[in-house]
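Student: Have a look; sequence and predicted model below, questions after that.
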Amino acid sequence: MNYVTLGKFRLERGLALALILFAASLPFVTPRVAASDEIEYFSYLPSILLDGDLNFRNQYEYFCKLNPTDCVKSRFQETFLDLKTPTGLQINFGPMGTAVLWLPFYLLAHGFALAAQNLNPAFVANGVSQPYIFAVSVGSVFWGWLGIYLAYRIARNYFDEALALGSALTILFATNAVYYMYVAPAFSHAASLFASALFVYVWWRTRATRARGKLGHWFALGASGGLMTMVREQEGVLFVIPLVEGVALAYHVWRREKTRADLTRWLMGAATMAAGAFLTFLPQLMVYRVLNGNFLPARNVTDKFTWNGNHILDILFSNFHGLFTWTPIILFAVIGLFLLWRKDKLLAAAFLAALAAEIYLLGSFSTWFGGAAFGMRRFINCTVLFVVGLAAFADALQTRVPRPILAGAGIFLIVWNLFFIIQFVTGMVPRQQPVDMLEMARNQLFGVPPRLLEIAQRFLTNRGSFYKQ
């Protein structure tokens, strides 16, 4: 493994690059909390830390007063202020895991606000002013980059550094992950990218030690899974990955290639994993109990799931935020997961099973399109799978296609995605309707390039105007 020296610190080269890119990219972050999802995730912090309760009414009213017209038009007031939970509190559909990951950044912001509030009224230490918004936005970018790095580390184990690093950066910048790290960082998706990558990394990194019965590593796997599920409940589907491992082990026991003692160790480990997940997820269960009167998410969330998988083709191919339609690089990454079989059969099987379960889950939601989303945002938790898959795809191609051409294709897809984001934020394509993909392609070639200078100036001087379309 290659290392670089930064001052007194010696860092693995991939981590050093991630930290440098994280720091260099901070001017491009848009610190903003406005959409209902963003407000829900954010409100946990001031409500619990400063108010000492789970009554979000004052936080909701604060954000509503910032834009009263949009508050009514978006039905935020109707849903989150006029309605109440069965226990008489304000509704919060979002789980608290994103707030947990934001916590260190939020506390730093609070300290800054306490020290600086007399210098600038925008810095008032009320838990919701600009320092807090900026802090959680930076926190999202930080966790997103750390998730990308963990994905790179897995890919680097099977492929050379250039392929692994190129795949990680291409997946970040050629998919909607970059949008939810920099344009809309107050959503949960950057935190989701990290939490799911952490779970997969812990599973992969501890395969050998867990097989030998290292229960502490099983517990760590469960704890990372509990955090992952606390960020977004749907991420619990990634527990399919250790399940595939168990099924594979049972098959080898049946073939007498492994012993029953191996299976017994795995079952004990799985129980330990479940305990770690439960203990980590316990605070979320308590929040459910306080808000909803039971230990389940709000009915408005669970009622969206139908079990029928009717929208599987839609989430993959629809021009209304379809995964492959909006982010074609993902198609190559999925092909790469099949090619990964040649490198690591268990890894390939586990990743493909997890992706299949994710597709079924998301294809069973009545709100499969994800609202006013840029692309199929709920798949961002699969970023770690896509990074490894794309590396496998590029590795298979490099014997036939020169690397400069592969790199050029990656750059083209990155530019294509960034131009698509420009269309999305400037209103050239609709946000909550299917997109005419031919018109979008024409805009990519003839509509966006002539406006790049104007859009850059607007980004630097009046970034908020992009949200008033």
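Tutor: Yes, it's here. Residues are numbered from 1 along each chain as shown.
Student: Is the closest residue to Leu114 other than its chain neighbours in a helix, a strand, or coil?
Tutor: Counting by Cβ to Cβ, 6 or more residues apart in numbering, Leu114 lies nearest to Ala125, which is 4.7 Å off, once chain neighbours are set aside. The C-beta positions use only the backbone N, C-alpha and C, and glycine is treated the same way. Judged by DSSP: H, G, I helix; E, B strand; the rest coil, the three-state class of Ala125 is coil.
Student: so Ala125 makes contact with Ala109?
Tutor: No. In this structure Ala125 lies outside contact range of Ala109 using Cβ atoms under 8 Å: 9.0 Å.
Student: Neighbour count: these two, which is higher?
Tutor: Residue environment comparison for Ala125 versus Ala109 gives the larger neighbour count to Ala109, 25 against 17, counting by other Cβ atoms under 10 Å.
Student: quick one on the thing from earlier: which per-residue confidence value corresponds to the residue nearest to Leu114?
Tutor: Predicted confidence (pLDDT) for Ala125: 96.
Student: wait, what's in contact with it?
Tutor: The neighbourhood of Ala125, defined by Cβ atoms under 8 Å, 6 or more residues apart in numbering, consists of His110, Ala113, Leu114, Gln117.
Student: Now, those residues that are in helices?
Tutor: Using DSSP state H, His110, Ala113, Leu114 are the members of the contacts of Ala125 that sit in helices.
Student: quick check, nearest of the residues you listed to Gly147?
Tutor: Of all those, the one sitting nearest Gly147 is His110; the distance, using Cβ to Cβ, is 25.2 Å.
Student: Distance check, the residue nearest to the closest one when sequence neighbours are not counted against Tyr106.
Tutor: Spatial nearest neighbour of His110, excluding adjacent residues (Cβ to Cβ, 6+ apart): Ala125 at 6.3 Å. For Ala125, the distance to Tyr106 (Cβ to Cβ, to the nearest Å) stands at 12 Å.
Student: So, low pLDDT: which residues of this protein?
Tutor: For the chain, residues meeting the criterion pLDDT under 70 lie at 1, 6-8, 467-469.
Student: So which residues of it form strands?
Tutor: Using DSSP state E, the strands of the chain run over 3-6, 9-12.
Student: Of the ones you listed, which stretch is the most buried?
Tutor: Per-residue neighbour counts averaged over each of the strands of the chain give the maximum for strand 9-12, namely a mean of 13 (mean count of other Cβ atoms under 10 Å).
Student: Tell me how far that strand lies from the chain's centre.
Tutor: The chain centre lies 27 Å from the centre of strand 9-12; the measure is Cα atoms, centre = their mean, to the nearest Å.
Student: ok, now stretch 231-248?
Tutor: Centre-to-centre, stretch 231-248 and its host chain are 16 Å apart (Cα atoms, centre = their mean).
Student: Can you tell me which of the contacts of Ala125 is closest to Trp266?
Tutor: Taking Cβ to Cβ as the measure, His110 is the one of the contacts of Ala125 closest to Trp266, at 44.4 Å.
Student: Contact partners for Gly370?
Tutor: His321, Met376, Arg377, Arg378.
Student: Regarding the chain, what is its longest helix?
Tutor: With residue count as the measure and DSSP H as the assignment, the chain has helix 260-292 as its longest helix.
Student: In that helix, which residues are buried?
Tutor: In terms of neighbour count (16 or more other Cβ atoms under 10 Å), helix 260-292 has its buried residues at 262-263, 265-266, 269-270, 272-277, 280-281, 284, 287-288, 291-292.
Student: How about stretch 456-469?
Tutor: For stretch 456-469, using 16+ other Cβ under 10 Å, the buried residues are Phe466.
Student: got the CA coordinates for that stretch in PDB?
Tutor: What follows is the C-alpha trace of stretch 456-469 in PDB, where atoms were taken according to Å, rounded to 0.1, in the frame of the first residue of the first chain:
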ATOM      1  CA  ALA A 456     -20.900  30.000 -13.000                       C
ATOM      2  CA  GLN A 457     -21.300  33.700 -12.200                       C
ATOM      3  CA  ARG A 458     -24.700  33.000 -10.800                       C
ATOM      4  CA  PHE A 459     -23.400  30.100  -8.700                       C
ATOM      5  CA  LEU A 460     -20.700  32.400  -7.200                       C
ATOM      6  CA  THR A 461     -22.900  35.500  -6.600                       C
ATOM      7  CA  ASN A 462     -26.500  34.300  -6.300                       C
ATOM      8  CA  ARG A 463     -26.500  30.600  -5.600                       C
ATOM      9  CA  GLY A 464     -29.900  30.800  -3.900                       C
ATOM     10  CA  SER A 465     -31.600  31.700  -7.200                       C
ATOM     11  CA  PHE A 466     -31.200  28.200  -8.400                       C
ATOM     12  CA  TYR A 467     -33.900  27.200  -5.800                       C
ATOM     13  CA  LYS A 468     -36.500  29.700  -7.000                       C
ATOM     14  CA  GLN A 469     -37.300  28.100 -10.300                       C
END
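Student: residues in contact with that stretch?
Tutor: Thr30, Arg32, Ala34, Val425, Thr426, Gly427.
Student: pretty sure Ala350 contacts Val244?
Tutor: Yes. Contact status for Ala350 versus Val244: in contact at 4.3 Å, counting by Cβ under 8 Å.
Student: So the two - more neighbours on which side?
Tutor: For Ala350 versus Val244, neighbours defined as other Cβ under 10 Å are more numerous around Ala350 (25 against 18).
Student: quick one, what contacts the more buried one?
Tutor: Shown here is Ala350, whose contacts under the criterion Cβ under 8 Å, 6+ apart are Trp203, Val240, Ile241, Pro242, Val244, Glu245.
Student: and it, how far is that from Val247?
Tutor: Look at Ala350 and Val247: by Cβ to Cβ, they are 10 Å apart.
Student: and if you look at Cys64?
Tutor: Applying Cβ to Cβ, one obtains 49 Å for the distance of Cys64 from Val247.
Student: Of these two, give the one with the bigger neighbour count.
Tutor: Set side by side, Cys64 and Val247 give different neighbour counts by other Cβ under 10 Å, the larger being at Cys64 (18 against 14).
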